[in-house]
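*Asks:* what follows is a predicted structure for the sequence shown.
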Amino acid sequence: MPGVRTVLALGATTLVAACAPVHGPRGSYLDIIRPDQHPPLIGASAAADSLWGPAQLSERGDGIAEFRRAELEQLVRRFSPTVVLQPGDAVRKGDRKYRLLPTNAALFADTLRIDFVRTAPYQFQDSLDVPLGSLDADSLRALMDAATRYQVDPDMLAAWYFDFPGGNPREWWQAYARFRSGPDSVRWSQPTVYAHPFLDPSGRLVIQYWFFYPMNDYVGNHEGDWEHVDVIVSADRSSVEGVNYFFHARSINLPQGKYRPEIVDSTHLVVYVGGRMYHVLDYPIRLVAGDRNEGSHGNFPYAGEWEAAAGMGAPESVKGVGGDSSRVVHHRQFQVILTPEPSRIDYRRRPEVLKDWGWLILPARWGFPAAPSLGSEIKVIDLGNRSPYGPAYNTSWNRLAPTMLYPAYRVKKLPFARSAFEDLLQPWYYLYIFRSPRYVHDVRGTLNRRELERLGLAPRGGWSERGMGSPILGVHAGFPREGFSDLYGTSTGISLWRNFWGKLRFGAVELMGGYQKFSRTEGQGGALFVYPITANLVVRAPDALFRPYASLGGGAYGWDARTYIDPTARVLRVGWDLGWTAGAGIEYYLRPRVALDVGLRYHSTGGPGQDVGIADDRLRFLALWVGHYVRF
């Protein structure tokens, strides 16, 4: 972690006092993140010299030997991508529409903000703003030494970050519109991509193309957004051999069976930038908070609906070009910047190199550490509201997919008929129904089930299974049997009408409860309510698209009989008894964790018997359950 005492000493001579914060109190993020933790800087491979040339032959101090520089710059331009942006990731100012473009990171990293935090008691103490452009070479070198020191001060910690004006998406967009239309508009309007080549363990040339966006307006809002793709170059360096696409802690490696990357002009990949996450909070966030929810910036191989690609397992809609060519950033439009290995930058010999590449080495967050968003209230994990560290601190720097934080997403395109049918079975999805093409993660790929569960790509099974089911968005019908059917008719419950049922599953144990209303068909009418609460043992087939199950158990059954003796008077009888139940059903998995659940269950318990005219003392009925089952 940065050496706090060194920074304080530096601040006395070279730093400026902190300006008024634009996010409210500085340090307000301390209950969400810890300032003493940041990922390690990823180093270069042993074969780096064969690609970059000897570092000591770099006149600029960036680790790129001069005799290799022109060749590498030409190479990364030859394979630079074409990018398709999303329609809603834009802002209007007057009669102009400004799309959020991959931006030159130096525009964002003009001022380093440092917040000092006491360790005991744990609280914000002070802050400094460092105008990087105003520091001389020696001050930059001292700052970098302090930043990269692992040892921490026992009494004080420091949070390092760059900042963007505003504290929420509405204010970020206003600031972006000012930059795009202001005196520095030419630089802000120039699409920029950072190209970083490396050699994989087998000696193949890989070029990582890193895109920086000033903010992320996408459910888990945050400032600063680094996204990338890997282009694997053929041995003769004339064509694209493969591509890794990275998005939301997932990655796709193409070619993959029949799926191939889209290439234009022989060597230029087409990347579709991620768009809108569909979930139950989508419209409330858009209408109440004013967020656009259309700027995930993840990189996808095709336009379409990507199942379980977004946060919390939600689908993500990625738009194609359609008739709007203004959303296409052609590879010729990009400023392609050859990006060196930070571990090869010799800033002690050439401290002036930090003017260009200091931001690449600094262990600083790209944005205010935590922005207000849907994820802000969940402290223990990052749901997207925390600003990222720079690309050299990303677990996929110098690494091909899949990596520890980007497990593989195996692509499968669903036929339209199946996609439409599954849409009809998901009432919460009706606002987004019949979207196509639809891609899903095929969990029947190369990884075994245990590995998929470990990576969070498949729900836990066996005794570790946890799930919850209900027909609240479906139907639950009760069919009286034997003497019960002589006086009471079939009961069809839709949603909460005439019934409510739920079940919780813990491994092979299932707890089920609810009620069903049966209307009396004889005499003056009335109704009989049955309230079972049972514990059952469940036997399930192995996880698959269709998973049958069977259960057997018992528990307490309450009943409430209301019989009219004339139109204005009724007799109420209540009671309970023990009973048993057996059932069988099948789960049809519409998503990795959500299934349509269809089951048939038999119930038998003691009842009011002759008190309400039933020939014997047993209540027997069949129940048809059509609902949904969600696994955690």
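*Replies:* All right, it came through fine.
*Asks:* stretch 535-551: which residues count as buried?
*Replies:* By neighbour count with 16 or more other CB atoms under 10 Å, stretch 535-551 contains the buried residues 536, 538, 540, 543, 547, 549, 551. Quick note: C-beta positions are derived from backbone N, CA and C, even for glycine.
*Asks:* okay, domains of the protein per the record?
*Replies:* Listed by automatic domain parsing, the domain ranges of the chain are 4-393, 411-425+434-454, 462-631.
*Asks:* which of those has the lowest mean pLDDT?
*Replies:* For the domains of the chain, the bottom mean pLDDT is recorded on domain 411-425+434-454, which sits at a mean of 84.
*Asks:* and stretch 230-242, what's buried?
*Replies:* In stretch 230-242, counting by 16+ other CB under 10 Å, buried: 230-233, 240, 242.
*Asks:* circling back: now, the buried residues of stretch 535-551 that are in strands?
*Replies:* If you go by DSSP state E, the buried residues of stretch 535-551 have 536, 538, 540, 547, 549, 551 in strands.
*Asks:* which strand residues bridge the residue of the chain most remote from its centre?
*Replies:* Distance from the centre of the chain peaks at D566, with 60.4 Å (CA atoms, centre = their mean). Note on D566: beta-bridge partners A569, judged by DSSP bridges.
*Asks:* gap between it and V612?
*Replies:* Distance of D566 to V612, computed by CB to CB, to the nearest Å: 16 Å.
*Asks:* what are the ranges of the helices in the stretch 401-550 of the chain?
*Replies:* With DSSP state H, counting those that start in this stretch as the criterion, the stretch 401-550 of the chain has helices at 416-424, 449-454, 484-487.
*Asks:* what sits up against the first one?
*Replies:* Applying CB atoms under 8 Å, 6 or more residues apart in numbering, the set of residues contacting helix 416-424 from outside is 305, 414, 429-430, 433-438, 590.
*Asks:* circling back to that earlier point, turn the helices of the stretch 401-550 of the chain into TSV, columns for distance to F179.
*Replies:* Below are the helices of the stretch 401-550 of the chain laid out as TSV (distance: least, CB to CB, whole Å):
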stretch	distance to F179
helix 416-424	40
helix 449-454	43
helix 484-487	73
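*Asks:* which among the ones you listed is found nearest to V130?
*Replies:* Evaluated over the helices of the stretch 401-550 of the chain, closeness to V130 peaks at helix 449-454, with 41.4 Å, by CB to CB.
*Asks:* give me the buried stretch members for that closest one, please.
*Replies:* So, applying 16+ other CB under 10 Å, buried residues of helix 449-454: 452-453.
*Asks:* contacts for it?
*Replies:* With CB under 8 Å, 6+ apart, helix 449-454 has contacts from 443, 458-461, 464, 543.
*Asks:* greatest separation within these: which pair is it?
*Replies:* Maximum distance among the contacts of helix 449-454 (CB to CB): 16.3 Å, for V443 and S464.
*Asks:* those two - which one has more neighbours?
*Replies:* Higher neighbour count among V443 and S464: V443, with 21 against 10, using other CB atoms under 10 Å.
*Asks:* what's near enough to touch that one?
*Replies:* Counting by CB under 8 Å, 6+ apart, V443 has contacts 410, 449, 452, 457-458, 592.
*Asks:* ok, those residues vs I207, which is closest?
*Replies:* Checking the contacts of V443 one by one against I207 (CB to CB), the nearest turns out to be R410, at 23.9 Å.
*Asks:* and the closest one, how many neighbours?
*Replies:* 19.
*Asks:* for it, report the pLDDT, please.
*Replies:* 91.
*Asks:* tell me how far it lies from R449.
*Replies:* R410 is 14 Å from R449, by CB to CB.
*Asks:* repeat that for R466.
*Replies:* Per CB to CB, R466 is found 16 Å from R449.
*Asks:* where exactly do the helices run in the protein?
*Replies:* Assigned by DSSP state H, the helices in the chain fall at 4-14, 48-52, 66-78, 105-108, 137-148, 169-181, 185-188, 282-284, 354-361, 416-424, 449-454, 484-487.
*Asks:* dump these to CSV, plus distance to L128.
*Replies:* Listed next are those as CSV, based on distance: least, CB to CB, whole Å:
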stretch, distance to L128
helix 4-14, 5
helix 48-52, 35
helix 66-78, 36
helix 105-108, 19
helix 137-148, 11
helix 169-181, 22
helix 185-188, 26
helix 282-284, 39
helix 354-361, 16
helix 416-424, 53
helix 449-454, 42
helix 484-487, 78
